[in-house]
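*Asks:* What shape does this take:
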Amino acid sequence: MNQKLKDVVLVTLGSFIMAVGFNTMFLENKIASGGMGGLAISLHALFGWDPADFVLYSNIPLLILCLLFLGKGTFIKTVYGSWIYPIFIKLTASLPTLTHNTLLAAIFGGIILGVGLGFVFLGNSSTGGTGIIVQLINKYTPFSLGVIMGVIDGIVVGIGFVAFDPDTVMYSILSLLTITYIVNMMMTGADSSRNVMIISKKHQAIKDYITNVADRGVTELPVIGGFTGNEQRMLMTTVSRPEVQHLENEVLNVDETAFIIVMPATQVRGRGFSLQKSHQPLDDDILLPM
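*Replies:* Here you go, the predicted structure:
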């Protein structure tokens with residue numbers, strides 16, 4: 001599928017999922033979990049403003065600022081998501097509220113919106129709104145995106161204190177944390193791999209096991225002990241999470257004194273992971289395929 005078409009499909013699907021979560025979980029339960037959608041819920045409670053109209057019309061001046069200060073490329077990536085999301089909010093407004101338990105709505109609504117927002121991000125776009133404000137502030141100030149996003153969403157959630165009771169606002173914060181967790185999980189991968197580093201006097205036997213039995217690539221690095229000053233060999237390999245325990249057991253069977261470090265590897269690309277494993281050596285390969 002053409003990449004641009006794939007991006008449009010992901011943004012459309014993500015925006016629809018977000019709109020469903022917004023109307024079936026958040027609106028009636030008054031969960032204002034950040035962003036223009038959260039602000040729309042607070043203003044709906046205070047003044048009766050239609051949430052879809054508010055999200056749509058508030059994006060118009062923000063999109064103009066995006067075009068003027070962030071450039072045409074960012075504007076093009078943002079304009080579709082910022083238009084289709086409020087349209088879907090309007091089209092799904094008749095859907096029933098799935099639960100009136102605020103805690104369940106905060107958690108499961110956060111999951112639904114997090115999944116939808118994750119699809120939008122995977123489509124290299126956004127739904128506009130406060131995201132544009134975050135990018136503008138980031139461009140002209142030294143503050144990081146994470147800090148700015150936290151402050152902006154904090155202000156939106158804080159406005160909820162004017163419209164709702166403290167319990168409802170705390171549910172909104174819980175929902176915001178859930179959305180953030182789900183988006184991060186989608187962007188980095190729920191089943192992340194593990195980077196394993198092994199220092200052992202029996203490194204050759206361990207290397208033979210990794211390459212011939214575990215069928216994983218391995219890098220051998222010279223290292224020097226900080227206390228003894230002796231040169232040793234460190235093996236570095238990347239395996240899937242389910243393989244870690246078995247690899248550890250096999251390494252300890254070879255050398256029970258082996259020093260093993262296991263670290264998360266949230267994004268792994270290459271043969272054996274994102275590409276089909278090939279056993280044919282390629283010219284100028286950094287690591288020969290195993």
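
*Asks:* Please name the residues that touch Thr141.
*Replies:* By Cβ atoms under 8 Å, 6 or more residues apart in numbering, the contact set of Thr141 is Ile148. All C-beta spots, glycine's among them, are computed from the backbone N, C-alpha and C.

*Asks:* Now it: phi and psi?
*Replies:* Note on Thr141: backbone dihedrals following degrees, to the nearest 10 are phi -130, psi 160.

*Asks:* Then Phe259?
*Replies:* On the backbone of Phe259 - angles per degrees, to the nearest 10 - the values are phi -100, psi 120.

*Asks:* Skipping adjacent residues, who's closest to it in space?
*Replies:* Of all residues not flanking Phe259 in the chain, Ile199 sits nearest, at 4.2 Å (Cβ to Cβ, 6 or more residues apart in numbering).

*Asks:* ok, the one you found - how many residues close by?
*Replies:* As a burial measure, the neighbour count of Ile199 was computed by other Cβ atoms under 10 Å and equals 19.

*Asks:* Name the residues linked to it by a beta bridge.
*Replies:* Met234, Phe259 (DSSP bridges).

*Asks:* any idea how far it is from Leu252?
*Replies:* Ile199 sits at a distance of 13 Å from Leu252 (criterion: Cβ to Cβ, to the nearest Å).

*Asks:* Then Ala45?
*Replies:* For Ala45, the distance to Leu252 - Cβ to Cβ - is 59 Å.

*Asks:* From Gly114, how far out is the residue positioned nearest the centre of the chain?
*Replies:* When the chain is reduced to its mean C-alpha position, the nearest residue by Cα atoms, centre = their mean turns out to be Asn184, at 2.4 Å. In this view, Asn184 and Gly114 are 9 Å apart by Cβ to Cβ.

*Asks:* did I read that right, the residue nearest to the centre of the chain in a helix?
*Replies:* Yes. Counting by DSSP: H, G, I helix; E, B strand; the rest coil, one finds Asn184 located in a helix.

*Asks:* Could you report the neighbour count for Gly217?
*Replies:* 20.

*Asks:* what residues are shared contacts of Ile199 and Leu252?
*Replies:* When contacts are counted by Cβ under 8 Å, 6+ apart, Ile199 and Leu252 are jointly contacted by Ala258.

*Asks:* re the thing from before, could you report the pLDDT at the residue nearest to Phe259?
*Replies:* Predicted confidence (pLDDT) for Ile199: 93.

*Asks:* Just want the phi and psi numbers for Thr219.
*Replies:* For Thr219, the backbone dihedrals are phi -110, psi 130 (criterion: degrees, to the nearest 10).

*Asks:* That one and Val239, how far apart?
*Replies:* According to Cβ to Cβ, Thr219 stands 13 Å off from Val239.

*Asks:* Glu28 now?
*Replies:* From Glu28 to Val239 the distance is 46 Å (Cβ to Cβ).

*Asks:* neighbour-wise, which of the two wins?
*Replies:* Remark: of Glu28 and Val239, Val239 carries more neighbours, 22 against 16, as counted by other Cβ under 10 Å.
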